[in-house]
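Enquirer: build me a model:
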Amino acid sequence: MKSRRVIADDREVEVIYEQFSLPRDKLEEEISKLLCISEGYLENYNEEYTVRVSTFYEILNGKAGTESALTKDGVLNQLLTAISTSKEEEVIRASMSILLSIISSNRSVIEDIKKKGLNLCDLASALKRNVHEAAVFIYLINPSQKDLNRLELLSKLVEIVCNSKIYNGRPSSHMITPPEASLMIIEVLVSAFDTVPNNSHLDIISSPEVISALINVTRNDNVEELRSLASILGKCMQFDGKCRKYILEFIQLDSFLCLLRSCESHAKFVALEFLNEVLRVPRSSAINQLQQMRKAGSINIMHLLMPCLQKSPPRFQLLAANLVLQLDMLEESSNRKSIFREEAVEVLLESVASVEDSSTQLLAARIISNLGGTYAWTGEPYTVAWLVKRAGLTSHFHRNLIKNVDWLDQSLQDDSIDIWSRRIARNIIKFGNLVFHALEEGLKSKSKRVSCDCLTAIALLGREIAKCPDSVRYPACEILLSGIEQFLHPGFELEERLLACYCIYNYTSHIGMQKLVNFSEGVRESLRRLSGITWMAEELLKVAVYFCPNKLRISCVHTQILEAGQKFSGAVTALIFYRGQLYSGHSDGSIKVWDIKGQSAALVWNIKEHKRAVTGFSLFEPGDALLSGSADKTIRVWRMIKRKVVCIEVIVTKEPIQSIDSFGKNIFITTQSHKMKVIDEARIIKDICKNKQVKCIKEAQGKVYIGCMDSSIQELSITKKLEREIKTPTKSWIWMHNRSINSITVYKDWLYSASAIVEGSNIKDWKRRRDPQISIVTAKGAKVLAIGVVEDFVYLNCSSSSSTLQIWLRETKQKVGRLSAGSRITSLLTANDIIFCGTEMGSIKGWIPL
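Expert: Numbering: from 1, shown residues only. Okay, the predicted model is just below:
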């Protein structure tokens, strides 16, 4: 179809209006003269034409009768036909501009357009051809999330947002601009319930450039756009926590607080979600955000939050309570009563104690556990990490038993956490037994997450409970201690055991220490096992023994708590915990990462970068990394980046690696030819113990202990670069072959060596060359291939029975049992009182002494 022009002048509008008395065929002919846009006739098109056509449509709209309705229908049909059929961008853009002008004066036209079936695919096609006005039509038509996902428009929408400057300076209109429409369509795309497309969309928009563009597009006086922006930014922070930092640099919180004034409940709820996400940052930054909220212009945020606290659905009541409490705590006065605080605490405690609504209890417990704590910039709660540091957790090895913590993160060094946590604790404790009973109910929850969060909250309060008078501390002890005890025992996560220890230490301080008399033997035994990890457990154990000096009975019963693995990957040749997950190295060169939850293990990643068997792992302190050594003559350096383990460096050696360890920036390896080498920070490889054949190595207390083929043990002082012999070689030719030191382990300042016999002594006694304090002889002619120690027990894997672990009592040197692995044991690991072994058939098993 070829058209002559859009419209000539106002007289034509009047003429057509006057000719409504004409027969219909004559009228349609006149309309065609007025309104007909196509290729070849656009040279005179401008915004004036758009105004005239929309004016003509308004005239028609104001006139009653069938002919007027048919004429309007004809106008829409011609415009929609041009959009659907034209191959020229300018024709489509002109048609859309006219339609949008008509819609801006009469929103009901949208429904007419929907009825006529404007095809979404045609709009998507136009948008991809740079007709940005199509974004406005898509927004106005409001298609479903499912339909939007099919169109695959996100990249184009992001491009429109990022180039929004081209719309600056244009005349203001009642109609939204393409960038503003794009913003609101993006919100729909990232709010989908289907996780996979949702995450793929968030991955595209979570960059600083896109987020900055989204913020710049949003009009601060438009509630709908602010709501969309708050929703998008909240989703971005949940998807990739690291974008929190630059979101806080770009935004002005005042704008989002205005959403709390909105008459729309949805806008208020989005604001509550967003503001809670904003506070999931290191404590000093969270305090800055709270201060900004309090100072925000004419807005009294506390009075805006109170209706949300009182009348919203449970989830949003809790989110409001979190904001109210933290805002109220900015100013502390011992005599000040606060209705805000009282209502917020009441909402939180009721929800924590509730067993009827698990989701509400879960959120309430999460809030109260971090109320006085802190977060990483990723949004990961770091309250537990901060508390266990205070409880005395310093060992690099033990810290790697705890999940999702970067121990080098400066957030954990934030001085404001201490001041803030004390302030929160002091004010929460004022609510007395109401708080303790609610947390007691939380400890009993069937949800492990809820009970752990309540334990964390109890630990936070404990710092101030220790300073409280007996009238407060004694009831707290009576109500909470029986629930706390359970977390001390082996089988719970290390952080839970340490938090329980921390709680008992604070709640039973001073005169309350006598309450340790009532603790069971199991509790005292658990304290003894923890005493090598934290000084608090050691102090509590001393008190418990003082009040109850009876010798503890040792149970030799072991229970299997774990079995995992995959047969097709070959033998499990190495095991280690890194960032709270179990890593297994295999004979086919693969590394598998397991998430251990209770008695189950889920395979998280299967990494295949080594070409031959993985022969050893070591934690590498620089950058909090992990080392893997392999028979393929390489060492790979791994680091956790965005919750995924990534190889950041490959170190090539000249020989296959048999074992690996590290201290500081130095890496120590033994090769299959029984040579020992050190690799320094510059990755220069040097020989050590050149005149010895080395079988195994173990780093402890800044020294490397080297087990040799001639049964000698060498000690290498890393800082002083001194080497000395702490165990001389055997002089018997008969025992020479069988007494190679096959394994060395260190447990609580004791060094154990395994050859044809097992010997163990305090490291100082080894240096003085005294006779070993422990000497265990296994079956005649058998070699001890590997050794592990957990408190009272020594576990031995011997050549005479390579598929079992022998259990020996450390003190009496008696064999008390054995554990069957099902096939030849190829690796051994002890962690958190659990003994793990990997087997030739690719399985991993774990047992715990009861």
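
Enquirer: measure Glu525 to Ser531 for me?
Expert: Separation of Glu525 from Ser531 (CB to CB, to the nearest Å): 11 Å. Backbone N, C-alpha and C define where each C-beta goes, glycine included.

Enquirer: looking at the two, which is more packed in?
Expert: Using other CB atoms under 10 Å, the more surrounded residue of Glu525 and Ser531 is Glu525, with 22 against 19.

Enquirer: confidence score at that one?
Expert: With respect to pLDDT, Glu525 scores 84.

Enquirer: for Gly532, see how far away it is.
Expert: Counting by CB to CB, the gap from Glu525 to Gly532 is 13 Å.

Enquirer: ok, Trp750 next?
Expert: Using CB to CB, we find Trp750 at a distance of 10 Å from Gly532.

Enquirer: of those two, which one has the most company?
Expert: Per other CB under 10 Å, whichever of Trp750 and Gly532 has more neighbours is Trp750, with 18 against 14.

Enquirer: that one touches Ile763, doesn't it?
Expert: Yes: using CB atoms under 8 Å, Trp750 makes contact with Ile763 at a distance of 7.0 Å.

Enquirer: for stretch 122-135, what is the distance to the chain centroid?
Expert: Relative to its chain's centre, stretch 122-135 lies at 38 Å (CA atoms, centre = their mean, to the nearest Å).

Enquirer: buried residues in whichever strand or helix holds Leu229, which are they?
Expert: In the assignment (DSSP states H and E), Leu229 maps to helix 223-239. Using 16 or more other CB atoms under 10 Å as the test for burial, helix 223-239 gives 223-237, 239.

Enquirer: before we move on, what about stretch 124-132?
Expert: Buried residues in stretch 124-132 (16+ other CB under 10 Å): Ala124, Ser125, Ala126, Leu127, Val131, His132.

Enquirer: how close does the last one get to Thr218?
Expert: With distances defined as CB to CB, the gap from His132 to Thr218 amounts to 17 Å.

Enquirer: how far away is the residue most central in space within the chain from Lys242?
Expert: Residue closest to the average C-alpha location in the chain (CA atoms, centre = their mean): Glu380, at 5.2 Å. For Glu380, the distance to Lys242 (CB to CB) stands at 11 Å.

Enquirer: then Met184?
Expert: Distance, Met184 to Lys242, using CB to CB: 26 Å.

Enquirer: now do Asp833
Expert: In terms of CB to CB, Asp833 sits 35 Å off from Lys242.

Enquirer: compare these two (neighbour count), which wins?
Expert: Taking neighbours as other CB under 10 Å, Asp833 and Lys242 compare with Asp833 leading, 20 against 13.

Enquirer: kindly state the beta-bridge partners for the residue nearest to the more buried one when sequence neighbours are not counted.
Expert: Leaving aside its sequence neighbours, Asp833 sits nearest to Pro490 (CB to CB, 6 or more residues apart in numbering; 4.0 Å). Taking DSSP bridges as the rule, Pro490 bridges to Phe492.

Enquirer: does Pro490 touch Leu527 like I think?
Expert: No: using CB under 8 Å, Pro490 is not in contact with Leu527; the gap is 11.7 Å.

Enquirer: higher neighbour count, these two?
Expert: Leu527 (27 against 20).

Enquirer: how close does the more buried one sit to His489?
Expert: Relative to His489, and taking CB to CB, Leu527 is found at 10 Å.

Enquirer: ok, Glu159 next?
Expert: Taken as CB to CB, the span from Glu159 to His489 is 57 Å.

Enquirer: before we move on, what about Tyr546?
Expert: Going from Tyr546 to His489 by CB to CB gives 22 Å.

Enquirer: check Asn142 too.
Expert: Between Asn142 and His489 the computed distance is 56 Å (CB to CB).

Enquirer: neighbour count: these two, which is higher?
Expert: His489 (19 against 13).

Enquirer: residues contacting that one?
Expert: Neighbouring residues of His489 by CB atoms under 8 Å, 6 or more residues apart in numbering: Arg497, Gly522, Val523, Ser526.

Enquirer: let me know the secondary structure of the third one.
Expert: By that I understand Val523. Here Val523 is recorded as helix under DSSP: H, G, I helix; E, B strand; the rest coil.

Enquirer: now for it: which residues touch it?
Expert: With contact set as CB under 8 Å, 6+ apart, Val523 has these partners: Glu485, Leu488, His489, Ala544.

Enquirer: look up how far His398 lies from the closest residue to the second one other than its chain neighbours.
Expert: Read that as Leu488. Sequence neighbours aside, Ser526 is the residue nearest to Leu488 in space, at 4.1 Å (criterion: CB to CB, 6+ apart). As judged by CB to CB, Ser526 and His398 stand 15 Å apart.
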